[in-house]
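Novice: Structure for the following, please:
(one chain, ligands or ions: 1)
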Amino acid sequence: MPFYDRIAKQWHAHTGRHGGAFKEFLLNDVLIAAVAFIENRAILELGAGNGYFLPLVLRRYSGQRPARIVITDQSSRQLDLARKYCFVNGAEYAQLDARYPFPFQEGAFDLIIATMVFNEISRRGVASAIAECRRVLRSPGQLLATVIHPDFVASLEKRGELRQEGSYLTMPASAALRLPLHKTPKEFYERCLYNKGVDFKSRDIFSTKNVSNVKAGLKKVGNTPVALLFDCTSTQR
Ligand SMILES: C[S@@+](CC[C@H](N)C(=O)[O-])C[C@H]1O[C@@H](n2cnc3c(N)ncnc32)[C@H](O)[C@@H]1O
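Specialist: Have a look, this model is predicted:
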């Protein structure tokens, strides 16, 4: 059973319609700015969770009409919540495990969004997911992938906040919620992108006062970046 099938309700309570404080006060704006436009683009979201993000994108770029929207997650219970609470009219909802071949044709999408998903997947799964993103992206196409920053993971480990629970390594989230995690180095993500001929810019995302006022756990992080964003462009075929 996918990890999030078990915690889907708690996750939705934690993340709500804006993704929780870190996303609401910081990351959403960064990602929405990076999207830049949606007119006529075919958009795929991987690991969409409760699906809060695309409604925000559609609101920000209201008046523009995407060609297609596909909202996916490994967890069917997350998808149920997405349909129930963050429904996007005209969108397709599909269960998709990003570690395995995607059920889409080559060049089917202009934009792929994967927020805090690849850090929950083993390295082999990440390599496969990035290869599949490359395959199903048009040229030019954009992959916006955000992961928990490896430096942040290292700081959690140093403070003894990572825990092995059965087959999962977990990290703390809000309240009593713990989330699965893989300790994947930045260089590994970069190598996967590079090997697939994907151009990318990476950006460290640091917490702000607004965020840590609400999310007390982030007060401890000091100058450690919390998230790592890869804004990727697939150009050659
Ligand atoms: C930390 S949550 C992020 C959800 C959403 N992107 C957000 O930012 O709120 C990670 C999501 O990735 C999904 N996920 C984990 N492993 C996955 C996999 N192998 N394939 C697809 N989705 C996966 C989980 O079910 C969960 O919904």
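
Novice: Enumerate the residues of the chain near the ligand.
Specialist: Residues of the chain lying close to the ligand (CB under 6 Å from any ligand atom) are 2, 4, 15, 19, 46-49, 73-75, 78, 96-99, 115-117, 120-121, 125, 179. For every residue, glycine as well, the C-beta is placed using N, CA and C.

Novice: ok, 8 Å please
Specialist: 2-5, 11, 15, 19-20, 23, 45-50, 52-53, 72-75, 78, 96-99, 113-117, 120-121, 125, 129, 146, 173, 179-180 (CB under 8 Å from any ligand atom).

Novice: Please flag which of those sit within helices.
Specialist: 3, 4, 5, 11, 15, 53, 78, 125, 129 (DSSP state H).

Novice: ok, of these, which come out buried?
Specialist: 3, 4, 11, 15, 53, 78, 125, 129 (16 or more other CB atoms under 10 Å).

Novice: Can you pick out the most distant pair from those residues?
Specialist: For these, with distances taken as CB to CB, the pair at the greatest spread is 15 and 125 (22.4 Å).

Novice: Tell me where the protein has strands.
Specialist: With DSSP state E as the criterion, the chain has strands at 42-46, 68-73, 92-95, 109-115, 137-148, 163-165, 168-172, 178-180, 198-205, 227-234.

Novice: Pull out the buried residues from the worst-scoring helix or strand of the chain on mean pLDDT.
Specialist: Least confident helix or strand, the chain: helix 209-214 with a mean of 79, by mean pLDDT, DSSP states H and E. Using 16+ other CB under 10 Å as the test for burial, helix 209-214 gives 211, 212.

Novice: what does stretch 198-218 give?
Specialist: Quick answer for stretch 198-218 (16+ other CB under 10 Å): 198, 200, 205, 206, 207, 211, 212, 215, 218.

Novice: Kindly report the same for stretch 105-121.
Specialist: Neighbour-count burial for stretch 105-121 [16+ other CB under 10 Å]: 108-121.

Novice: now stretch 168-184
Specialist: 169, 170, 171, 173, 174, 178, 179, 180, 181, 182, 183, 184.

Novice: Between the two ends of that stretch, what distance do you get?
Specialist: From its first residue to its last, stretch 168-184 covers 14 Å (CA to CA, to the nearest Å).

Novice: any idea how far the most centrally placed residue in the chain lies from residue 221?
Specialist: Compute the mean C-alpha point of the chain, and by CA atoms, centre = their mean the closest residue is residue 115, 1.1 Å away. To residue 221, residue 115 is 19 Å away according to CB to CB, to the nearest Å.
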